[in-house]
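> Curious how this folds, go ahead:
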Amino acid sequence: MNILEYDEVVKSYDNGVRALDLLSMSVPEASIFGFIGLNGAGKTTAIRIIAGLLQKDSGSVKLFGKKIEDQEDSYKTQIGFVLDEPHYFEWMSAQEWLHFAGAMYGLSRDETKSRSDELLYFFDLSGKRNDPIKTLSTGMKKKISLAAAVIHNPRLIILDEPLEGIDTLAASSIKESLSLMASRGTTILITSHVLDTVERFCSQIAIIHRGKNILQCATEEIRSRAKGAMRDSAYSSLEELFVDLVSDKAKKKHLSWL
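Presented below is the predicted three-dimensional model:
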């Protein structure tokens, strides 16, 4: 079953830029799905439509089996978001922020406290529960963002560059946590520029370029499918495939002094 489906979605901005150009993509339930593309490829626009921050021009977006426009806004309570640059009340402590998130999602006080305690322990942050968020490291802030995004037990988690700017140990901890969530039925959609991480971590990958989904398949199939579909040569990594698909390097001349 697909938890999220885009069907020929078009979105243009007032300046004439067509951010999504007949985008079609499906995200299977309980998968860790890598959504990759260059800056300006359309990733953020696609996500903002799900969040209800933008309206598509045409096409169809289904979430949990129903078109978004046919659902009440309550569908958003089944989604958790972690932005590339999360925003907090940084004077709050880690624990206070999770209590605030629980209240925003309509959890009872007792349920919020219980889940906050569990999440702080789960993300190795129990010792930082009373520290102001502004004093925490980048990795700890990412963990707090993820904890706040899952406190209401969403069916879909959308992570925008979740491992950007954090150390290897924190990244490993977050990936381990996400894998456990996926094994228990949560769907995780990750946008990232760190292609090696996506290739190793995600079960499926879609490459978006100029508003179109130009390739989607299971991670273990991506090289063999690309080889058969495009040319008689193999790729040793997702990065090589990605560069070949989206770059204009063949059109560029070498620098005159090289």
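
> Residue 116 and residue 75: what is the separation?
24 Å (C-beta to C-beta, to the nearest Å). (Glycine included, C-beta is placed from N, CA and C.)

> out of the two, which sits in the busier spot?
Remark: of residue 116 and residue 75, residue 116 carries more neighbours, 24 against 17, as counted by other C-beta atoms under 10 Å.

> hang on, that one packs against residue 151?
Yes: if you go by C-beta atoms under 8 Å, residue 116 and residue 151 touch, sitting 7.0 Å apart.

> Mind listing the shared neighbours of these two?
Common neighbours of residue 116 and residue 151, counting by C-beta atoms under 8 Å, 6 or more residues apart in numbering, are 98, 102.

> Just the CA trace of stretch 49-58, in CSV.
What follows is stretch 49-58, C-alpha atoms only, in CSV (Å, rounded to 0.1, in the frame of the first residue of the first chain):
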residue,chain,number,x,y,z
ILE,A,49,1.8,20.9,-0.6
ILE,A,50,1.5,17.9,1.8
ALA,A,51,1.7,20.3,4.8
GLY,A,52,-1.1,22.5,3.4
LEU,A,53,1.3,25.5,3.0
LEU,A,54,0.9,25.5,-0.8
GLN,A,55,-1.9,24.7,-3.2
LYS,A,56,-1.1,22.7,-6.4
ASP,A,57,-2.3,24.0,-9.7
SER,A,58,-3.4,20.6,-11.1
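
> Now do it: everything it contacts.
Stretch 49-58 has contacts (C-beta under 8 Å, 6+ apart) with 4, 8-12, 20, 45, 48, 61, 63, 68, 73, 76, 79, 81, 158.

> Mind giving me the PyMOL select for those, buried ones only?
Here is the PyMOL command that selects the buried residues among these (16 or more other C-beta atoms under 10 Å):
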select buried, resi 4+9+11+12+20+45+61+63+68+76+79+81+158
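
> What is the helix ranked longest in the chain packed up against?
The single longest helix within the chain, with elements called by DSSP state H, is helix 168-183. Under the contact criterion of 3 or more C-beta pairs under 8 Å, 6 or more residues apart in numbering; DSSP states H and E, helix 168-183 touches strand 32-36, helix 138-150, strand 156-160, strand 187-191, helix 195-201.

> Just want the angle from the longest one to strand 156-160.
Put plainly, it is helix 138-150. Angular relation of helix 138-150 and strand 156-160 on a 0 to 180 degree scale: 150 degrees, by axes from the mean of the first three to the mean of the last three C-alpha atoms, to 10 degrees.
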